[in-house]
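Student: Structure here, sequence nowhere to be found:
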């Protein structure tokens, strides 16, 4: 998934650089959810494209992945080994739950991304990601005052004395996983959640989500919008009908969209 506001990819499947085209040079950061091939195979192409194709080779590329993710580490080590003469700085960092990366900063406001633990497979560490905007608002005791009074207090006490910092969750991405926790998705503006099974009876094993589970999660978490992705290709002919059916049965009223399994998904 390419998130253009912060020039970042969440996961990098095979052929990512081909699909991105010139945007490959715009990518600043890549955040990996887990080390399965369909989520990391495109890293080699991305690193090589930025090194060999016509484009700005001065831009640094940062790759972040779950700490302890052995498959990701081994693949990245291989990429580095066979690309010893990179023309740009490649930064690799393993992330732990609780750490954050600053994506954007404008004055006192900043946007950050934080990983959270998900449940996909026992053998491989897996993360979802939340993007937050750190904002400031008036403390409760000042909110009902007239504008002139507020300005006087700011002038007298300073802005930090009359405001409090808070975090607004603007984006939540599950990666491949069982339904994430309500807490991790709580009040997010946009929940992008895997929904491999549009029919619960098709589930085999315990490492992916069904559509009803995701919609119930979104309802409990008060998410404002939902995008379903990672839908199995078995549903290609019936996606619209099955999604509509699930929305009615769960009685969810927020906007629900989906990514067709054979389509390219770009979040602008």
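Tutor: Right, received. Where do you want to start? From a predicted model like this one, the values you see are computed outputs, not experimental measurements.
Student: In contact with residue 236, which residues are there?
Tutor: Residue 236 is in contact with 260-262, counting by Cβ atoms under 8 Å, 6 or more residues apart in numbering. (C-beta placed from N, C-alpha, C; glycine too.)
Student: Residue 9 is in what secondary structure piece?
Tutor: strand 8-10 (DSSP states H and E).
Student: Not counting that strand itself, show me its contacts.
Tutor: With Cβ under 8 Å, 6+ apart as the test, strand 8-10 has contacts from 1-3, 16, 27-31, 33, 46, 103, 113, 129, 173, 175.
Student: now with 7 Å?
Tutor: Outside of strand 8-10, the residues within contact range by Cβ atoms under 7 Å, 6 or more residues apart in numbering are 1-3, 16, 27-31, 33, 103, 129, 173.
Student: Distance from the chain centre to that strand, please.
Tutor: 7 Å (Cα atoms, centre = their mean, to the nearest Å).
Student: remind me which residues of the stretch 101-250 of the chain are low pLDDT?
Tutor: Where the stretch 101-250 of the chain drops to pLDDT under 70, the residues are 107-108.
Student: Which stretches in it count as strands?
Tutor: 101-106, 109-117, 127-138, 163-173, 191-194, 226-229 (DSSP state E, counting those that start in this stretch).
Student: Check which helices and strands the fourth one is in contact with.
Tutor: Pointing back at strand 163-173 there. Counting contacts by 3 or more Cβ pairs under 7 Å, 6 or more residues apart in numbering; DSSP states H and E, strand 163-173 packs against strand 127-138, strand 191-194.
Student: could those go into a markdown table alongside mean neighbour count?
Tutor: Compiled in a markdown table, the helices and strands packed on strand 163-173 are given as follows (neighbours: other Cβ atoms under 10 Å):
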| stretch | mean neighbour count |
| --- | --- |
| strand 127-138 | 20 |
| strand 191-194 | 26 |
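Student: so can I have a markdown table of those strands showing distance to residue 121?
Tutor: Shown next, in a markdown table, are those (distance: least, Cβ to Cβ, whole Å):
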| stretch | distance to residue 121 |
| --- | --- |
| strand 127-138 | 13 |
| strand 191-194 | 13 |
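Student: tally of neighbours for the nearest residue to residue 117 once chain neighbours are set aside?
Tutor: Leaving out its chain neighbours, the residue that sits closest to residue 117 by Cβ to Cβ, 6 or more residues apart in numbering is residue 97, at 5.4 Å. Residues contacting residue 97 under the criterion other Cβ atoms under 10 Å number 12.
Student: ok, how many other residues are close to the residue lying closest to residue 185 once chain neighbours are set aside?
Tutor: Closest residue in space to residue 185, ignoring its immediate chain neighbours: residue 221 at 3.9 Å, by Cβ to Cβ, 6+ apart. Residues within reach of residue 221, counting by other Cβ under 10 Å, total 21.
Student: re the thing from before, in helices, which of the contacts of strand 8-10 appear?
Tutor: Among the contacts of strand 8-10, the members falling in helices (DSSP state H) are residue 16.
Student: Greatest separation within the contacts of strand 8-10: which pair is it?
Tutor: The largest separation in the contacts of strand 8-10, counting by Cβ to Cβ, is between 16 and 103 at 19.3 Å.
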